[in-house]
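> my questions are about this predicted structure, shown below with the sequence.
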Amino acid sequence: MLVLGIVILLGKGDWLIAGYNTASHEERERYNMRRVRGVLGTLMFVVAGAVFLMQIMPEIYTILIAILLFILAFVAIGIINTWGKRG
C-alpha cells in the first residue's frame, strides 16, 4: 500500500484507478486528477498504517480498525465524486 500510495501521488499510477482507464476522454476531463490522486494516495497511506496497526493490536481493535477503514473508503469515494470533479 505504501508503494501504491507513492506511485499514485507521483502521477504515474492513473491506470491503477478503477474506471479511469476505461473512461472516455470526455469523462476523464470531468475530474481534477491532481485532487483525485491526493485523496487516493492519502487513503493508501492510511490503509498501510491501519494494516500495520492490525498486526500489532489485539483482535477486538483489529475489527474496529477494519470497520473504520470500510467507512473511510466510502468517505473517500464521496470526496472524489464531489471535490475531485471540475467546475
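Looks like it arrived, so ask away.
> CA atoms for contacts and neighbours, from now on please.
Will do.
> contacts only, for residue 73.
With contacts defined as Cα atoms under 8 Å, 6 or more residues apart in numbering, the neighbours of residue 73 are residue 43.
> could you rerun that using 10 Å?
40, 43, 47, 67, 79 (Cα atoms under 10 Å, 6 or more residues apart in numbering).
> got phi/psi on it?
Note on residue 73: its backbone torsions stand at phi -60, psi -40 [degrees, to the nearest 10].
> before we move on, what about residue 80?
According to degrees, to the nearest 10, residue 80 has phi -60, psi -40.
> shouldn't it be in contact with residue 41?
No. With contact defined as Cα atoms under 10 Å, residue 80 does not reach residue 41; the gap is 11.9 Å.
> so if I had to pick from those two, which one is more boxed in?
Applying other Cα atoms under 10 Å to residue 80 and residue 41 shows that residue 41 carries more neighbours, namely 24 against 20.
> what is the mean pLDDT for the host helix or strand of the more buried one?
Using DSSP states H and E, residue 41 maps to helix 33-56. Average pLDDT, helix 33-56: 93.
> pull out the buried residues from it.
Judged by neighbour count using 16 or more other Cα atoms under 10 Å, the buried positions of helix 33-56 are 33, 35-48, 50-51, 54.
> and for residue 80 and residue 41, which residues touch both?
residue 35.
> the most far-flung residue of the chain relative to its centre and residue 64, how far apart?
No residue in the chain sits farther from the centre than residue 58, which is 25.8 Å out by Cα atoms, centre = their mean. For residue 58, the distance to residue 64 equals 10 Å [Cα to Cα, to the nearest Å].
> ok, the residue nearest the centre of the chain - contacts?
What sits nearest the mean C-alpha location of the chain, by Cα atoms, centre = their mean, is residue 40, with 2.8 Å. Taking Cα under 10 Å, 6+ apart, we find residue 40 in contact with 4, 5, 8, 9, 17, 46, 73, 76, 77, 80.
> hang on, the fifth one packs against residue 36?
Translated: residue 17. Yes. Between residue 17 and residue 36 there is a contact at 9.3 Å, judged by Cα under 10 Å.
> between those two, which contacts overlap?
Residues within reach of residue 17 and of residue 36 at once, by Cα under 10 Å, 6+ apart, are residue 8.
> perfect, that will be all.
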